[in-house]
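Chemist: predicted model, plus sequence, below.
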Amino acid sequence: MVFLIALLLLLMAFTKPSSKDYKMFLQNVQGLKCNPADSSNCFHSENDLLASHLTHLFFYMTAESYIFGDVDNKICVIGIFNHFFVIENNLHPDSDKN
């Protein structure tokens, strides 16, 4: 049993997403930092001011990003096993107005 737990923790450590993976997640999945002319899934352009706070722990990472100028326009995720799981997503308030 201890061997399985140690193996799971080791697997978690080797598959923890990186900061680069998070930036790609924001761009490809959430439509951030993209060019609206190139993608219909682009909600915020490259000109929007984005601030991110990343915490890298040994087995996983957490990330929280804000877009300036919009109230409560943020996303919080946890990264584990090379995937990001969204905890809170308020990134697209402008898309509701259309």
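Modeler: All right, it came through fine.
Chemist: let me know the distance separating M12 from I5.
Modeler: From M12 across to I5, the span is 11 Å (C-beta to C-beta, to the nearest Å). (C-beta placed from N, C-alpha, C; glycine too.)
Chemist: among the helices and strands of the chain, which has the poorest mean pLDDT?
Modeler: Here the helix or strand of the chain ranked lowest by mean pLDDT, DSSP states H and E is strand 50-56, holding a mean of 84.
Chemist: Provide the strand pairings for the very next helix or strand once past that strand, with the direction of each partner.
Modeler: Later in the chain than strand 50-56, the nearest helix or strand by DSSP states H and E is strand 61-67. Applying DSSP bridges to the sheet, strand 61-67 is found paired with strand 50-56 (antiparallel), strand 74-80 (antiparallel).
Chemist: ok, and what's touching the last one?
Modeler: In other words, strand 74-80. 12, 15-17, 21-22, 25-26, 30, 59-67, 84-91 (C-beta atoms under 8 Å, 6 or more residues apart in numbering).
Chemist: any stretches of this protein with poor pLDDT?
Modeler: 33-49, 69-71, 92-98 (pLDDT under 70).
Chemist: what's the first helix or strand after the top helix by length along the chain?
Modeler: Secondary structure of the chain per DSSP state H: the longest helix is helix 2-14. Sequence order places helix 19-28 as the next helix or strand after helix 2-14, per DSSP H and E.
Chemist: just to revisit the earlier point, and the contacts of the longest helix of the chain?
Modeler: Contacts of helix 2-14 (C-beta under 8 Å, 6+ apart): F58, F59, Y60, I80, F81.
Chemist: rerun at 10 Å
Modeler: Residues from elsewhere that reach helix 2-14 (C-beta atoms under 10 Å, 6 or more residues apart in numbering): L57, F58, F59, Y60, I80, F81, N82.
Chemist: which of those count as buried?
Modeler: Y60, I80 (16 or more other C-beta atoms under 10 Å).
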